[in-house]
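> Got a predicted structure here, sequence first:
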Amino acid sequence: MSGILLPKKSFQPNPIVANFACFGAMAMWGIGFPVADVLLQSWGSLSLNALRQSLAVGVLLIFWLAADGWMSIYNARWLKGAWVGGIGFGIGSILLLVGQKLSDPVTPAISAAMMPIAGAALEVIFDGRQLKLKLIIGIVLALVGGYLATGTNLENSNFGFGALICLTAVFLFAWGTRATTRQFIDMSPIGQTTLTLSGAAVVTSIVYLVALGLEFEEATIGILDSNNLSMILIFSLISLAFAQLLWIKAAGNLGILLASFHMNAVPFYVMVVLVIMFNHSWDWMQAMGAAIVACGVTIAQWPESKLL
């Protein structure tokens, strides 16, 4: 039988499963925002970011070893993974923090709502994607819903150099996601995620060490009591390691454009976490925004018809 080549079974990703994976990824990612607010009261942003990335990679490496074995790790294209993850997720995460510092907390939230535009641009440029009517409608709904889901007002934001940096971070994250799912297609999702996040961990750690040497305030090591340690684990493992794994798996099935729609509902998930854990008031406008995003996701993936 060794000389007989059997035909490979065709695998068709289940769009329902992929969309639920996106939902799970964004919900877990959203948990990190209120947790980060608490941690940043004593931690510097650069030190917390470097610790978060490193802890996430450490845990993912264990899962990768258990799932695919040592040889998969040994044979991985580490330099290329470091390049993709370092730029897309490492520099991207740092720029988002810098952009917020130069503007306000509202600007990054509104900038992140441009993720579908970034996804569309990448697929049009690199994949020759044709933007049909149903896809355009879906993008518009995702943008409108994403803006409403932030619960913010455009008049309260500062669209200057900080906003430009935030938008750059969003495009880098979209590029990093697409590159991860396309350039490492021979690897499993756990391998793709760990490989590229390792690059992000290296970049954020180097930036942290430089900032520490220059005695920047953002390199401050914060409180390490039991309460903060538990929040660091949530921030690193649930909101990054497991969320990124689901995100990469879903984006590999749906493509960066369709997967990016789900990101615009993240502010709604954050609001739900605040309501449950911090007695925050319910915002129906944000809930409406999330519903509009869901409509955009549905329309964009609706089966082909003569009208659309």
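Cool, the structure landed.
> Return the distance of the residue nearest the centre of the chain relative to residue 128.
Closest to where the C-alpha atoms of the chain average out (C-alpha atoms, centre = their mean) is residue 244, at 6.3 Å. Between residue 244 and residue 128 the distance is 28 Å, computed by C-beta to C-beta, to the nearest Å. (Each C-beta comes from the backbone N, C-alpha and C, glycine too.)
> can you check residue 30 too?
Applying C-beta to C-beta to residue 30 and residue 128 gives a distance of 33 Å.
> show me what contacts the residue nearest to the centre of the chain?
25, 56, 193, 197 (C-beta atoms under 8 Å, 6 or more residues apart in numbering).
> just residue 231 next, same as before
By C-beta under 8 Å, 6+ apart, the neighbours of residue 231 are 35, 38-39.
> can you check residue 164 too?
By C-beta under 8 Å, 6+ apart, the neighbours of residue 164 are residue 99.
> For residue 248, see how far away the residue nearest to residue 19 when sequence neighbours are not counted is.
Among residues not flanking residue 19 along the chain, residue 297 sits closest, at 6.7 Å (C-beta to C-beta, 6 or more residues apart in numbering). Taking C-beta to C-beta as the measure, residue 297 falls 18 Å from residue 248.
> on that earlier part again, neighbour count: residue 30 and residue 128, which is higher?
residue 30 (22 against 7; other C-beta atoms under 10 Å).
> now for the helix or strand containing that one, which elements pack on it?
Assigned by DSSP states H and E, residue 30 belongs to helix 15-39. Contacts defined by 3 or more C-beta pairs under 8 Å, 6 or more residues apart in numbering; DSSP states H and E place helix 15-39 against helix 226-233, helix 243-254, helix 266-278.
> how far is the last one from where the chain is centred?
Meaning helix 266-278. 17 Å (C-alpha atoms, centre = their mean, to the nearest Å).
> Same check on the second one?
Using C-alpha atoms, centre = their mean, the distance from the centre of helix 243-254 to the centre of the chain it belongs to is 9 Å.
> what's next to the helix or strand just after that helix, contact-wise?
Tracing the chain past helix 243-254, the next element assigned as helix or strand by DSSP H and E is helix 256-261. Identification of contacts with helix 256-261 by C-beta under 8 Å, 6+ apart yields 18, 22, 115-116, 118-120, 122-123, 129, 135, 138-139, 142, 174, 177-178, 181, 247, 250-251, 293, 296-297, 300-301.
> Give me the pLDDT value at residue 306.
Looking at residue 306, its pLDDT reads 47.
> Where does pLDDT dip in the stretch 1-150 of the chain?
1-13, 103-109 (pLDDT under 70).
> all helices of it, in order?
All helices of the stretch 1-150 of the chain, identified by DSSP state H, counting those that start in this stretch, fall at 15-39, 45-68, 70-74, 78-85, 92-102, 106-112, 115-127, 133-150.
> how far out from the middle of the chain is the fifth one?
Looking back up the chat, that one is helix 92-102. For helix 92-102, the distance to the chain centre is 15 Å (C-alpha atoms, centre = their mean).
> Give me the buried positions along that helix.
92-100, 102 (16 or more other C-beta atoms under 10 Å).
> so can I have JSON lines of those residues showing distance to residue 212?
Shown next, in JSON lines, are the buried residues of helix 92-102 (distance: C-beta to C-beta, whole Å):
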{"residue": "92", "distance to residue 212": "21"}
{"residue": "93", "distance to residue 212": "18"}
{"residue": "94", "distance to residue 212": "15"}
{"residue": "95", "distance to residue 212": "19"}
{"residue": "96", "distance to residue 212": "20"}
{"residue": "97", "distance to residue 212": "16"}
{"residue": "98", "distance to residue 212": "17"}
{"residue": "99", "distance to residue 212": "22"}
{"residue": "100", "distance to residue 212": "21"}
{"residue": "102", "distance to residue 212": "22"}
